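S.K.: Quick one: sequence plus predicted model below, questions after.
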Amino acid sequence: MLGALENFMYQIGQLFLLPVLAAVCLLFLYAFWLLGGFAVQGWRRRSGGGRPLLDYARANPGASEDALDLHAHRLLEAPRIVSRIAPMLGLVATMIPMGPALLGLGDGNLGKVSQNLTIAFAAVILALIAASLAYWVVSVRRRWLSEELLAARALGKETAR
């Protein structure tokens with residue numbers, strides 16, 4: 001009975017390898033897209049634009065501070081999720097091929113071991129790069145949005161006069 005349960009769990013775990021690897025690849029590509037958008041926003045900020053929270057405050061003059069704060073959280077939500085989810089998926093993508101690698105090691109099939117370890121380490125590297133890029137973008141954008149929130153509060157006080 002225990003052997004059947006272990007085999008069932010092993011087979012279910014192996015089913016997730018392709019979707020997890022695809023997700024890691026998508027997150028890796030998204031992180032570079034995010035980095036490009038960040039670079040464009042940084043360039044626009046130098047020339048006076050690229051301030052989405054201030055644009056929102058100007059478009060919605062009666063917006064409360066809570067509404068501005070909520071909008072700032074929405075702007076950071078996707079990259080923040082990526083910075084947290086990517087390492088988890090990287091770990092999953094590392095652990096799934098370890099089962100076949102250990103089976104290959106037990107059978108003396110070093111080719112199977114090296115193939116599975118290559119997949120495992122490549123996936124975790126891509127996931128950690130994606131998480132690092134997303135975390136860096138989120139950190140800097142959080143500071144930018146805090147600065148914009150202060151400016152939006154001052155803008156709200158000026159329009160209230």
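M.R.: Received it, and whenever you're ready, just let me know what you need.

S.K.: for the lowest-mean-pLDDT helix or strand in the chain, which positions count as buried?
M.R.: Least confident helix or strand of the chain, by mean pLDDT, DSSP states H and E, is helix 2-15 with a mean of 88. If you call a residue buried by 16 or more other CB atoms under 10 Å, then helix 2-15 has no buried ones at all. Quick note: C-beta positions are derived from backbone N, CA and C, even for glycine.

S.K.: In which helix or strand does Leu128 reside?
M.R.: Per DSSP states H and E, Leu128 falls inside helix 110-160.

S.K.: Tyr10 and Ala86, how far apart?
M.R.: According to CB to CB, to the nearest Å, Tyr10 stands 25 Å off from Ala86.

S.K.: Give me the mean pLDDT for the helix holding Leu128.
M.R.: Averaged over helix 110-160, pLDDT sits at 91.

S.K.: likewise stretch 89-102?
M.R.: On average, stretch 89-102 scores 92.

S.K.: Using CSV, write down the CA coordinates of it.
M.R.: Provided in CSV are the C-alpha atoms of stretch 89-102 (Å, rounded to 0.1, in the frame of the first residue of the first chain):
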residue,chain,number,x,y,z
LEU,A,89,8.8,27.8,-8.6
GLY,A,90,12.6,27.6,-8.9
LEU,A,91,12.7,25.3,-5.9
VAL,A,92,9.9,23.2,-7.3
ALA,A,93,11.6,23.0,-10.7
THR,A,94,14.8,21.9,-8.9
MET,A,95,13.2,19.3,-6.7
ILE,A,96,11.0,17.6,-9.4
PRO,A,97,14.0,16.4,-11.5
MET,A,98,15.9,15.2,-8.4
GLY,A,99,13.6,12.2,-8.2
PRO,A,100,14.6,10.8,-11.6
ALA,A,101,18.2,11.9,-11.0
LEU,A,102,18.3,9.8,-7.8
